[in-house]
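Colleague: Sequence first, predicted coordinates after that:
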Protein chains: 4
Amino acid sequence: MSNKTQQQLEHHSTLSTIRTKIGLAPEAPILDEHDVHEHLTWSSVRHIFREPFAEFFGVFIMVLFGDGSVAQVLLSTGEKSAPGGNGFGQYQSISWGWGLGVMLGIYVAGDSGGFLNPAVTFCFCLFRKLPWRRFPIYFLAQFLGGFVGSGVVYANYINAINSLEGHGIRTVPPSTTATASIFCTYPQAFMTKASQFFSEFIASAILMFVIFALKDDSNPGAMGKTGAGQMFPLALFFLIFGLGACFGWETGYAINLARDFGPRLMSYILGYGHGVWSAGGYYFWIPMVAPFCGCTFGAVLYDVFVYTGPESPINSPWLGFKYLLTGGYWRKKKDQEKYDV
Amino acid sequence: MSNKTQQQLEHHSTLSTIRTKIGLAPEAPILDEHDVHEHLTWSSVRHIFREPFAEFFGVFIMVLFGDGSVAQVLLSTGEKSAPGGNGFGQYQSISWGWGLGVMLGIYVAGDSGGFLNPAVTFCFCLFRKLPWRRFPIYFLAQFLGGFVGSGVVYANYINAINSLEGHGIRTVPPSTTATASIFCTYPQAFMTKASQFFSEFIASAILMFVIFALKDDSNPGAMGKTGAGQMFPLALFFLIFGLGACFGWETGYAINLARDFGPRLMSYILGYGHGVWSAGGYYFWIPMVAPFCGCTFGAVLYDVFVYTGPESPINSPWLGFKYLLTGGYWRKKKDQEKYDV
Amino acid sequence: MSNKTQQQLEHHSTLSTIRTKIGLAPEAPILDEHDVHEHLTWSSVRHIFREPFAEFFGVFIMVLFGDGSVAQVLLSTGEKSAPGGNGFGQYQSISWGWGLGVMLGIYVAGDSGGFLNPAVTFCFCLFRKLPWRRFPIYFLAQFLGGFVGSGVVYANYINAINSLEGHGIRTVPPSTTATASIFCTYPQAFMTKASQFFSEFIASAILMFVIFALKDDSNPGAMGKTGAGQMFPLALFFLIFGLGACFGWETGYAINLARDFGPRLMSYILGYGHGVWSAGGYYFWIPMVAPFCGCTFGAVLYDVFVYTGPESPINSPWLGFKYLLTGGYWRKKKDQEKYDV
Amino acid sequence: MSNKTQQQLEHHSTLSTIRTKIGLAPEAPILDEHDVHEHLTWSSVRHIFREPFAEFFGVFIMVLFGDGSVAQVLLSTGEKSAPGGNGFGQYQSISWGWGLGVMLGIYVAGDSGGFLNPAVTFCFCLFRKLPWRRFPIYFLAQFLGGFVGSGVVYANYINAINSLEGHGIRTVPPSTTATASIFCTYPQAFMTKASQFFSEFIASAILMFVIFALKDDSNPGAMGKTGAGQMFPLALFFLIFGLGACFGWETGYAINLARDFGPRLMSYILGYGHGVWSAGGYYFWIPMVAPFCGCTFGAVLYDVFVYTGPESPINSPWLGFKYLLTGGYWRKKKDQEKYDV
């Protein structure tokens, strides 16, 4: 960047300042030779919001495919005119939808790291020194991605919803024509509150444990591999598919506030009524809280038993509680900028 | 090529001239050491039409698998003698067929870039400086690939079609024995014209948005990856599978003029009658027009919010409208040959 | 190998002589540092039959999974005690079985190139200068792999076959309890002889066309890729899965003499009676002959329209017919040893 | 490590001593730059038990997904409220569950080599010079992984089990509401004892044969590949999926003591009663013994017919029996430490 004019340097410095204020790293992850457009107004905006845009569109694509697959299967259940004579998909199509939605979302959101889930971002802050200042704007971007994405799915399937439920009628489970579960998750009737929480908790813990394993480049095992590398997005497909096939029945494997609360709010706005909050005994808060608890548990498990890198507080005295109690950990956070992801 | 005789050089120059005239780059993408056969008549022809041949066979293979999967599932619906007792496939088999058809088509069409879709070529011209002169011959090749491919599928399944519809009887939906949807897409009965358009539009936009993300080698994100690389064909399998599983019910996710109009014309010629045009309220133009609109929208979305490379007009003053209005953009096209793909 | 004793050199030379006599390359594809055991009797045998062993086990594994999947789905059709309540698999499981059988078979048969199909070997001889002398012993190995593999499947499922057909009763389609189609393919009743041939022909042509595309390292296309590389076995999974999902109903996509005739002979020996030959109007010869015709056609198509390498006779005067007619091609075969694969 | 203090060196030496005593290699597979925490108490524990922890969590993840998929499909069979109207999965979902469970388990267990199966460890000891001293602690870790994993699945699905079987009622097949097969395998009623054994034997033999092929880096075949490399975990997905789709009906493809006996013991403790041992004519010992026999047979087959490396006793005089009989092989084991994996 040495051949930049004084004016360019000043402009660049302004952008860095704004980026820092909203919680991002001073330098946006943009190739040097692509940096030439930042004098354009919009390019400056894109420069500033690079990672939030990435997270927004990552979750947006994920929810388009995920909610889209639920919509198609649910609305066409038993359709005899379908090729094969039994609807345009089955339960397993939904595993495909969410699995490949996450995979493609990660490709889309490469600029930001492709977290796509506030609980995952949270764990990267807590255990991998992603600066905490990133969390709020990533969170906002992820939430909005899910919110907007589910709106597009609604727009696409509005005729089919009308034809199943009737014009102007929108219901939530256990109504037999309920279409609210296109948007967000509702628990099975036989689930107690504790079971609901546990089901989301365990699925989130598995999610985080495996993500940390797939991203662990310090693993010099006998197979000579170091993390999943370029297979990461594909491995995530299998991971999410697996959660759907193995832990998806009881509560619908929300495991993600952005994927559940965003669309839930959208469905409330679209007229599904108070039921989106009260169904399942006010179940709605569980997929907001349990993923954070579950992911943290999964991350602790991985770091306690497997991870050896210095980024994790688990690998400091008293498994990190010493810093926590003495305040040292929080003070030390100021020089963690060097780990800036 | 320095050790070529004068005669060889002249011949080579003739080939380059012809290639330029039909809209291709002067040099065909052929290894230097494989260039020795161009004195043979047919090798010269192949030299000239290298990329169009690639696009033709790419779409040909794609439609063989795609239309083939529809044929097998639709014609064998409910067949009790099948292993498993319920037909030779289900709706999901069609997602497989189109997904892997696109994947293998891309491997086949490596010489041309593997666009396989006029709307995708269109967006690469508009946003990635693929010369516009390429468009007509690629378009023709893609259309013919779909046209011929669907004919082969018909030839293969003619007995089974006869045995379902009756000899000489060929019907289009909503006839209960309709087999026309083997070839091209027909909308569900509950869809309004606007919904039909929107459904194709949104699916095309997702297609283009994700393709641009997968091909974005300037993405220096935290994961250290730059586009999908050698995983591109596999990622396209998941993308197309996902469109089928999540947005495939309402209008059959045509999202491609070559895949829909080519086979539709073939089915008209094969005797399916005027209905192939009039069905669904003269729906046939929607999968011709909507993919161009949708893909353009998806490409704009990607370039506005994510892409930083200088090839995109979005990354020029007034998001490219300045050049457009002052004519500068069009004048500048003359020196875009250097981006020749 | 310079530090070998005189005795070792003599022994090595004996092995090379035997290998040459049975049609193989003088040097076996074995790492130099692994060559130390050839003084052991059995290691010498393995040294001699390296590629035939590889082809045998490649086809063996392929048929175990392929015929195994047919057996499981067919024999458990409608089984209500299965998880899910409807048998241990469906038609699609068979696409999985054959697809992954071929994929894993290729990994197993890396030493020989992993042809697994006499028609594919045939096309590599004809169009890629694999020496013709290889063909007989590869053919024998492939045939035996299918023969033995299907026997193991029978041994594994003998109880279930007894419980479906009755002890000592073995029938071929169209018997409603027929289990002969576990082993080899039988055509649907509505197929004419010409259609049977065409169906196998077209599937074989697609097979060969795509294999040549996936193996074409001279393809310097815009995507910067050269063939499928290490993705080859995975791409073959998708190719075979696709043939099963899109062209698998009418004649069962045999497309391989080793996979069809080997198991057919086994089933005859096991007591399925004369019907294994006479069923479908003496259909049995079609999956023996059509794959050779179809694969050759697919290979010609690829080489005429896409391939530029000098190995293909298509890239010689008169598309190779000149050499053929003048005898030059056959004479030239003597110095093709340098292409030895 | 030259800049370590005397104290650090002593501590490190203590850890190495303990590791050697429990059968592991003196040096844990940890990056040098990550070695700095070993003065912390817990980090020392983790240092000592690195590979056992890896095996534990690998099997743990595998069983979570595997048993989880059986639980979801079995417990929700026929559920009409599911999207698609027919339960939350089918038999094939179980193939997915076990296949991706193994794939993700291998990623998790990279530190130890990812054996996940005592019979596989056994064969690596016998045929690839993995020191025998490793076997006991790997075995224990694998067993505990399966034991604990199945307990978590039970905890997650306890409500659904209660609602199918009734509170406090737990039954084993052939009870029509049996849920014991969530945990471990039970044979089909028509199987004789010999067939049970054969079915497990053949599936285990295929497993080991293909694993050795995928890991064979000395294979310099025509495809230029050397083993499956970074595709190994993905190839294992296909291998396990295939065993489920092709050899999974008769005895449930246990092929792994850790996956079968661990969960079986857990189900006994959880109250499924004596039936977990007596069902199928005291079938329980078959998935304990047959995998060792089958894997050994598969490994012998591979080494006899394909493998050329010096690690295998097959590649020593009299196919290894000479050393065995003269005691030389066992004496030689002392200097096999250099192959330490």
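Modeller: Perfect, thanks for sending it.
Colleague: The stretch 151-300 of chain A against chain B: which residues are in contact?
Modeller: A:152, A:155-160, A:162-163, A:230, A:232-234, A:237 (Cβ under 8 Å from any Cβ of the partner chain). Placement of C-beta: from N, CA and C, glycine included.
Colleague: How many residues are close by the residue of the stretch 51-200 of chain A found nearest chain D?
Modeller: When scored by Cβ to the nearest Cβ, the stretch 51-200 of chain A has A:Q90 as its residue closest to chain D, at 3.8 Å. If you count neighbours by other Cβ atoms under 10 Å in any protein chain shown, A:Q90 ends up with 25.
Colleague: my guess is A:G23 meets A:L140, correct?
Modeller: No: A:G23 is beyond contact range of A:L140, at 10.0 Å (criterion: Cβ atoms under 8 Å).
Colleague: How about the contacts made by the closest residue to A:T185 other than its chain neighbours?
Modeller: Nearest residue to A:T185, sequence neighbours excluded (Cβ to Cβ, 6 or more residues apart in numbering or on different chains): A:G252, at 3.2 Å. For A:G252, the contacting residues are A:S181, A:T185, A:Y186, A:P187, by Cβ atoms under 8 Å, 6 or more residues apart in numbering or on different chains.
Colleague: pLDDT check: weakest of the residues of the stretch 151-300 of chain A next to chain B?
Modeller: Least confident of those in the model: A:Q230, at 81.
Colleague: Report the residue spans of chain A with pLDDT below the cut-off.
Modeller: Along chain A, the model assigns pLDDT under 70 to residues A:1-4, A:35-38, A:219-227, A:322-341.
Colleague: What are the structural domain limits within it?
Modeller: If you go by automatic domain parsing, the domain ranges for chain A are A:14-48, A:51-309.
Colleague: got the residues of the stretch 201-341 of chain A near chain D?
Modeller: Going by Cβ under 8 Å from any Cβ, the residues of the stretch 201-341 of chain A near chain D are A:202, A:206, A:209-210, A:213-214, A:216, A:218-223, A:225, A:228-229, A:231, A:234-235, A:238-239, A:241-242, A:245-250, A:304-306, A:308-310, A:315-317, A:319.
Colleague: Try it again at 7 Å.
Modeller: Applying Cβ under 7 Å from any Cβ of the partner chain, one finds that the stretch 201-341 of chain A approaches chain D through A:202, A:206, A:210, A:213-214, A:218-223, A:225, A:228-229, A:231, A:235, A:238-239, A:241-242, A:245-250, A:305-306, A:308-310, A:315, A:317, A:319.
Colleague: Produce a PyMOL select command limited to the buried residues of those.
Modeller: Typed into PyMOL, the line below selects the buried ones among these, using 16 or more other Cβ atoms under 10 Å in any protein chain shown:
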select buried, chain A and resi 202+206+210+213+214+218+219+220+221+222+223+225+228+231+235+238+239+241+242+245+246+247+248+249+250+305+306+308+309+315+317+319
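Colleague: Among the residues of the stretch 201-341 of chain A next to chain D, which lie within helices?
Modeller: A:202, A:206, A:210, A:213-214, A:235, A:238-239, A:241-242, A:245-247, A:305 (DSSP state H).
Colleague: could you say what helices and strands the longest helix belonging to chain A packs with?
Modeller: Ranked by residue count, the top helix of chain A under DSSP H comes out as helix A:134-165. Contact here means 3 or more Cβ pairs under 7 Å, 6 or more residues apart in numbering or on different chains; DSSP states H and E; on that basis helix A:134-165 packs against helix A:50-75, helix A:118-128, helix A:257-267, helix B:193-214.
Colleague: and these, which is most packed in?
Modeller: helix A:50-75 (a mean of 28; mean count of other Cβ atoms under 10 Å in any protein chain shown).
Colleague: How about the contacts made by the residue nearest the centre of chain A?
Modeller: By Cα atoms, centre = their mean, chain A has its centre lying nearest to A:N117, at 2.2 Å. Shown in contact with A:N117 (Cβ atoms under 7 Å, 6 or more residues apart in numbering or on different chains): A:Q142, A:N256, A:A258.
Colleague: Which of those sits closest to C:M266?
Modeller: Nearest to C:M266 among the contacts of A:N117 is A:N256, at 52.1 Å by Cβ to Cβ.
Colleague: how about the residue lying closest to that closest one once chain neighbours are set aside, phi and psi?
Modeller: Spatial nearest neighbour of A:N256, excluding adjacent residues (Cβ to Cβ, 6+ apart): A:N117 at 4.4 Å. When quoted as degrees, to the nearest 10, the phi and psi of A:N117 stand at phi -160, psi 120.
Colleague: Closest approach to chain C from the stretch 101-250 of chain A, which residue is it?
Modeller: Closest point on the stretch 101-250 of chain A to chain C, by Cβ to the nearest Cβ, is A:L234, at 10.3 Å.
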